[in-house]
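Trainee: Sequence first, predicted coordinates after that:
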Amino acid sequence: MNLKRRTILAVATAVLMPLSAFAQSTTIGVSMAHFDDNFLTIVRNAMSKEGEAQKVRLQFEDARGDVGRQISQVQNFIAQRVSAIIVNPTDTSATRSITNAARKAGIPIVYVNRKPVEKMGQGAVFVGSDSLVAGRLQMEELAKRMGGKGNIAIMVGELSSDAAQDRTKGVKEVAAKHPGIKIVEEQVADFQRKPGIDLMSRWLSTGVKIDAVAANNDEMALGALIAMKQAKVSPKSILVAGVDATPDALASMKSGDLAITVFQNAKGQGSGAVDTAIKLSKKQKVEDMVMIPYELVTPENMSKYSSN
């Protein structure tokens with residue numbers, strides 16, 4: 001190949017490189033608490049779509065609920081010198097070392113869906129929703145439908161999650177305002193459907209009167225409804241409320257089973273986390289807390305959420 005031809009090819013290659021080079025040069029490491037969680041799957045899919053739209057590469061890892069595994073994944077991202085890191089924490093009280101490691105390496109970190117206990121800022125941002133509000137919305141509607149009196153059972157998610165803690169707190173705050181409402185049960189079902197089935201079955205077997213179940217998420221709420229059906233207990237006799245407004249939950253509501261859920265914008269959180277990570281990697285200014293509001297969902301307005 002002569003010198004002139006090589007020069008022409010080199011120039012042509014240089015002209016064509018910028019777009020593809022950008023796509024390859026921006027890599028975001030993502031560590032998710034679980035891959036097998038329905039809500040988090042929606043969050044992850046939204047991240048993938050946003051990454052494709054903005055032409056960046058996302059490297060997903062599944063922590064499988066293991067704090068040590070998640071820390072190791074973040075350390076690997078740092079060693080790879082990724083452009084930014086997104087973490088959906090397995091334990092929101094154990095993120096300080098992750099945050100400090102990212103800051104020390106000069107790599108921006110975005111926490112999504114579950115809010116760490118430590119203060120954000122200095123390259124660390126939270127993208128999610130205020131779970132205290134979710135608990136309040138859920139219980140306010142339950143109290144209204146219960147006529148301000150009756151027995152409540154609370155299904156709690158993973159104790160290591162700020163969402164479980166804050167949603168439960170929100171439920172209790174509202175229940176305390178109604179002297180006629182009594183919390184008779186409060187136990188953990190880890191945000192999962194099967195534990196929700198088992199827990200509700202135990203409650204029903206004890207004979208304790210329950211008028212409503214406030215579950216920290218839809219999966220546990222659906223589990224409670226399955227247990228009720230198995231015990232031939234009508235969803236009209238025990239109101240069941242969840243959080244997330246997942247497709248399965250909306251289908252249950254449409255069939256007349258689930259009474260209440262609270263829309264948590266999984267797609268908004270996923271796309272928002274990627275957008276925030278990209279902005280941080282470009283040294284653009286971003287708020288320390290990017291909040292996406294919760295919205296109450298009932299049979300009366302559920303059609304608005306069926307396409308989300």
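Mentor: Nice, I can see it. Numbers count the residues shown, from 1 in each chain.
Trainee: helices and strands around the strand or helix carrying residue 143, which ones?
Mentor: Assessed by DSSP states H and E, residue 143 sits inside helix 131-145. When contacts are defined as 3 or more C-beta pairs under 8 Å, 6 or more residues apart in numbering; DSSP states H and E, helix 131-145 sits against helix 162-175, strand 212-215, strand 239-241, strand 261-263, strand 295-297. For the C-beta atoms, the positions are set from N, CA and C on the backbone; glycine is no exception.
Trainee: how big is the angle separating that helix from helix 162-175?
Mentor: Helix 131-145 runs at 40 degrees relative to helix 162-175, counting by axes from the mean of the first three to the mean of the last three C-alpha atoms, to 10 degrees.
Trainee: How about helix 131-145, which residues are buried there?
Mentor: 131-143, 145 (16 or more other C-beta atoms under 10 Å).
Trainee: cool, stretch 37-48 as well?
Mentor: Neighbour counts over stretch 37-48 (16+ other C-beta under 10 Å) mark 37, 38, 39, 40, 41, 42, 43, 44, 46, 47 as buried.
Trainee: now the last one, what's its secondary structure?
Mentor: Reducing the assignment to helix, strand or coil with DSSP: H, G, I helix; E, B strand; the rest coil, the entry for residue 47 is helix.
Trainee: Hmm, it is touching residue 273, no?
Mentor: Yes: the criterion here is C-beta atoms under 8 Å, and residue 47 meets it with residue 273 at 6.3 Å.
Trainee: Run through the strands of this structure in chain order.
Mentor: All strands of the chain, identified by DSSP state E, fall at 27-32, 57-62, 84-87, 109-112, 124-128, 149-156, 180-188, 212-215, 239-241, 261-263, 289-291, 295-297.
Trainee: Can you tell me the strand partners of the third one and which way each runs?
Mentor: By that I understand strand 84-87. The pairing partners recorded for strand 84-87 under DSSP bridges are strand 27-32 (parallel), strand 109-112 (parallel).
Trainee: joint contacts of residue 47 and residue 273?
Mentor: Common neighbours of residue 47 and residue 273, counting by C-beta atoms under 8 Å, 6 or more residues apart in numbering, are residue 86.
Trainee: What about residue 128, how many residues nearby?
Mentor: 24 (other C-beta atoms under 10 Å).
Trainee: Report the spatially nearest residue to it, omitting neighbours in sequence.
Mentor: Spatially, and ignoring its direct neighbours in sequence, residue 128 is nearest to residue 113 (4.9 Å; C-beta to C-beta, 6 or more residues apart in numbering).
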